[in-house]
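> Sequence and predicted model, in that order:
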Amino acid sequence: RKEVEQDPGPFNVPEGATVAFNCTYSNSASQSFFWYRQDCRKEPKLLMSVYSSGNEDGRFTAQLNRASQYISLLIRDSKLSDSATYLCVVNPMDTGRRALTFGSGTRLQVQP
Amino acid sequence: DVKVTQSSRYLVKRTGEKVFLECVQDMDHENMFWYRQDPGLGLRLIYFSYDVKMKEKGDIPEGYSVSREKKERFSLILESASTNQTSMYLCASSPGMGSARKYFGPGTRLTVL
């Protein structure tokens, strides 16, 4: 079983739609969680951290469910510029030294 | 703004060649990482370094080595390139312990013929 699993998509949605991605992780001791965004042929960039209480950044909402070991990303009012691959990322140990574990990504295509 | 640069965007090499991929960061970060990214497999950690001359194996170190002689520079070496090392290679850096945020370079797409 992969440490971090995501539906690869693609998710094809119209502009203005709300879309949600889930991601499951296998290591119950994982300490911190992130969503990264990767545009086509570009490097990954941090989108947002995921906190236990859930957190929001504009149109983006991230949530963590430790009991079921999954995290989610909700995008409201989708824009064309949201088209990208969204990587679910888990830090197995909260030290910062050990590298993050990346999911293989969920591709989102927002259509006009 | 943090900048991580990689020596080449595209590289084509032949089987058996020795390949050097270089990465430089300008923010005095302690930690540096090399990943490869393949379709359906995501980013996989090859090696990382948390200090000059220190290195640790990641999840897939076989066929690779690294060098960190200066804090800002982290090199990935393919001693004898093979076709299964054709991939996108991404370098990343992060500040000291406690920071899990990674800053990535633009990547090097390596093709081994």
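Good, I have the coordinates. Numbers count the residues shown, from 1 in each chain, chains lettered A, B, ... in the order given.
> A strand includes residue B:65, no?
Yes. Counting by DSSP: H, G, I helix; E, B strand; the rest coil, residue B:65 is located in a strand.
> Residue B:80 is in contact with that one, correct?
No. Residue B:65 lies out of contact with residue B:80 (CB atoms under 8 Å); the separation is 11.0 Å. Where C-beta positions appear, they are placed from N, C-alpha and C, glycine not excepted.
> where in chain A is pLDDT low?
Applying pLDDT under 70 to chain A flags the ranges A:1, A:93-99.
> mind running it again at 50?
A:94-97 (pLDDT under 50).
> which parts of chain B sit against chain A?
Applying CB under 8 Å from any CB of the partner chain, we find that chain B lies next to chain A at B:31, B:33, B:35, B:40-45, B:48, B:50, B:58, B:90, B:94-102, B:104-107.
> what lines up beside the helix or strand in which residue B:35 is found in the sheet?
Assigned by DSSP states H and E, residue B:35 falls within strand B:31-38. In the sheet, strand B:31-38 lines up against strand B:42-49 (antiparallel), strand B:87-94 (antiparallel) (DSSP bridges).
> could you dump the ones you listed to JSON lines with mean neighbour count?
Output for these, formatted as JSON lines (neighbours: other CB atoms under 10 Å in any protein chain shown):
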{"stretch": "strand B:42-49", "mean neighbour count": "23"}
{"stretch": "strand B:87-94", "mean neighbour count": "24"}
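> Could you provide those in a markdown table, with additional columns for mean pLDDT?
Converted to a markdown table, the strands paired with strand B:31-38 look like this (pLDDT from 0 to 100):
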| stretch | mean pLDDT |
| --- | --- |
| strand B:42-49 | 92 |
| strand B:87-94 | 95 |
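> Can you tell me which of these is nearest to residue B:5?
Between residue B:5 and the strands paired with strand B:31-38, the tightest spacing by CB to CB is seen for strand B:87-94, at 8.6 Å.
> what's next to the closest one, contact-wise?
With CB atoms under 8 Å, 6 or more residues apart in numbering or on different chains as the test, strand B:87-94 has contacts from A:43-44, A:96, B:2, B:4, B:6, B:21, B:23, B:25, B:27, B:29-38, B:43, B:74, B:76, B:100-105, B:107-110.
> How about the contacts made by the residue nearest the centre of chain B?
Centroid check for chain B by CA atoms, centre = their mean gives residue B:34 as the closest residue, at 2.8 Å. Taking CB under 8 Å, 6+ apart as the criterion, residue B:34 is in contact with B:21, B:23, B:45-48, B:58, B:64, B:66, B:74, B:76, B:89-92.
> same question, residue A:57
Counted by CB under 8 Å, 6+ apart, residue A:57 has contacts residue A:48.
> Run through the bridge partners of it.
Applying DSSP bridges, one finds that residue A:57 bridges with residue A:60.
> can you check residue B:19 too?
What pairs with residue B:19, by the bridge criterion (DSSP bridges), is residue B:78.
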